[in-house]
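# 3D model of this:
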Amino acid sequence: MADIAALTKLIEPHATAMGLRLVRVAMFGGKSDPTLQVMAERPDTRQLVIEDCAELSRRISDTLDEADPIEDAYRLEVSSPGIDRPLTRISDYGDWAGFDARLRLSETIEGRKQVDGRIGGLDGDTILITTPKTRETLRIPFTSIASAKLLLTDALIKATAPLSTEGVDTISQER
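Numbers count the residues shown, from 1 in each chain. Next up is the predicted model:
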């Protein structure tokens with residue numbers, strides 16, 4: 001599998017040069033159909049337009065071709081994070097406080113491997129999340145989160161209404 005930290009170091013300067021912020025760099029699909037997914041956003045809109053995806057794809061393609069950090073053939077996908085975006089940085093939990101999310105945990109915490117609830121913000125490196133049924137606020141260390149994403153709710157749609165709701169803009173190409 002590809003070294004995600006090394007890939008991020010190759011990709012991030014191109015995103016930054018375009019005024020974008022990386023949301024996620026990940027490999028999916030396994031040996032038979034590997035895809036390098038790059039999600040980025042404009043800090044002011046938290047989205048990308050198709051032209052942003054195309055430009056970032058062109059910029060990083062040249063760097064990836066030169067550095068050749070992935071041994072086998074793969075597909076490069078550059079996209080916006082979309083409305084029900086992944087939460088990948090600790091700052092995301094402050095930015096999206098008040099919205100619902102699903103957190104998958106890397107370890108069991110209070111008998112749970114998954115938590116759905118309303119993000120209450122941050123307390124240092126700890127995520128505060130309130131479960132809907134018990135109204136209990138759980139304290140989840142950021143380092144214990146394997147993956148997380150916002151849940152699509154009416155409140156999230158309303159809050160992101162100026163943004164595109166037609167789906168994620170994506171550029172995908174075989175490498």
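# and the longest helix for the protein?
Using DSSP state H to define each element, the chain has its longest helix at helix 50-67.
# packing partners of that one?
The criterion is 3 or more C-beta pairs under 8 Å, 6 or more residues apart in numbering; DSSP states H and E, and the helices and strands that helix 50-67 contacts are helix 4-17, strand 35-41, strand 75-79, strand 170-174. Where C-beta positions appear, they are placed from N, C-alpha and C, glycine not excepted.
# can you give me the mean pLDDT across that helix?
The average pLDDT within helix 50-67 is 93.
# and it, what's buried?
Buried residues in helix 50-67, defined by neighbour count with 16 or more other C-beta atoms under 10 Å: 52-53, 55-57, 59-61, 64.
# any idea of the angle that helix forms with strand 75-79?
Direction vectors for helix 50-67 and strand 75-79, defined by axes from the mean of the first three to the mean of the last three C-alpha atoms, to 10 degrees, enclose an angle of 140 degrees.
# any idea how far helix 50-67 is from the middle of the chain?
Relative to its parent chain, helix 50-67 has a centroid offset of 18 Å by C-alpha atoms, centre = their mean, to the nearest Å.
# over to stretch 114-124?
Taking C-alpha atoms, centre = their mean, one finds the center of stretch 114-124 at 17 Å from the center of the full chain.
# same check, this time on stretch 133-147
18 Å.
# which residues does it contact?
Residues from elsewhere that reach stretch 133-147 (C-beta atoms under 8 Å, 6 or more residues apart in numbering): 86-87, 90, 93, 103-107, 109-110, 112, 115, 117, 120, 123, 125-131.
# out of those, list just those in strands.
Where the contacts of stretch 133-147 overlap with strands, as defined by DSSP state E, the overlap consists of 103-107, 109, 112, 115, 117, 120, 123, 126-130.
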